[in-house]
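Q: Attaching a predicted model along with its sequence, questions to come.
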Amino acid sequence: MSTSSIPHPTDATYAAAYSKAWTEDPDHLVDYFAEDGTYTDVAMSGTYRGRDGIQRFHRWMLKFSPDSVIDFCSPAVQEDRLYLEWTWSGSIDKPLRLPSGQFVDAAGRHFSVTGIAACRFDSHGKLTSHRDFWDVGLLVEQIGHQLGVVATANS
C-alpha cells in the first residue's frame, strides 16, 4: 500500500487510521513504522524490532485474540512524540502467558483493557518506536471474575 495514504501523526485522522491498521489490516500496520522501528509491550516485557518483528508480534496477538479491536483516541503530539490512549478488547483463544512465565487458562474469556501508547516518529511521520503501557493485572482480574475466582488479601 502506498505510504501516502498514511496520515502523519500530527493529522487529526491518525488515531482512527492507526486503529484500523491494528484491528483490520495487519499487512498495512507495518507501513506506519520506520524500517528499523520498534514496538514494545512494557507490561509483557517484550520488544519487537523492525517490520518483521512487529508483524511477528501482531500475528501472535491475533492468534491470542482473533477478534481483537484496538481503538486509539485522545492523541497528543509534542515535537516528535505522539501519545495515544487506547482500549484493546476481544476474546481470548488460548492460555495467557504472564511475564512470570505462568499460564492462565483464559480460552473463551472476553476482555477490555486500557492503556497508553508513547510513540516517537521521524521526519517522514514513520514511527521509530511505539511503547504500550498497560496493567496486565486488569486483564487477569477480568478473566478471574469470569472464572468465578475471587482473590483475597491476607492481613
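A: Nice, I can see it. Numbers count the residues shown, from 1 in each chain.

Q: How about the host helix or strand of Asp71, which residues are buried there?
A: Per DSSP states H and E: Asp71 is located in strand 69-78. Of all the residues in strand 69-78, those buried under the rule 16 or more other C-beta atoms under 10 Å are Ile70, Asp71, Phe72, Pro75, Val77. The way it works is simple: take the backbone N, C-alpha and C, and place the C-beta from them, glycine included.

Q: how about the closest residue to the last one other than its chain neighbours, phi and psi?
A: In space, and not counting its chain neighbours, Val77 is closest to Thr10: 5.1 Å by C-beta to C-beta, 6 or more residues apart in numbering. Listed backbone geometry of Thr10 is phi -90, psi -10, with angles given as degrees, to the nearest 10.

Q: Local confidence estimate at Thr10?
A: At Thr10, the model reports a pLDDT of 97.

Q: Export stretch 46-54 to PDB, keeping only CA atoms.
A: What follows is stretch 46-54, C-alpha atoms only, in PDB (Å, rounded to 0.1, in the frame of the first residue of the first chain):
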ATOM      1  CA  GLY A  46       8.600  -7.700  25.000                       C
ATOM      2  CA  THR A  47      10.300  -5.600  22.400                       C
ATOM      3  CA  TYR A  48      10.000  -6.400  18.700                       C
ATOM      4  CA  ARG A  49      12.400  -4.800  16.200                       C
ATOM      5  CA  GLY A  50      11.900  -3.900  12.600                       C
ATOM      6  CA  ARG A  51       8.900  -4.500  10.500                       C
ATOM      7  CA  ASP A  52       9.300  -8.300  10.500                       C
ATOM      8  CA  GLY A  53       9.400  -8.300  14.300                       C
ATOM      9  CA  ILE A  54       6.400  -6.100  14.600                       C
END
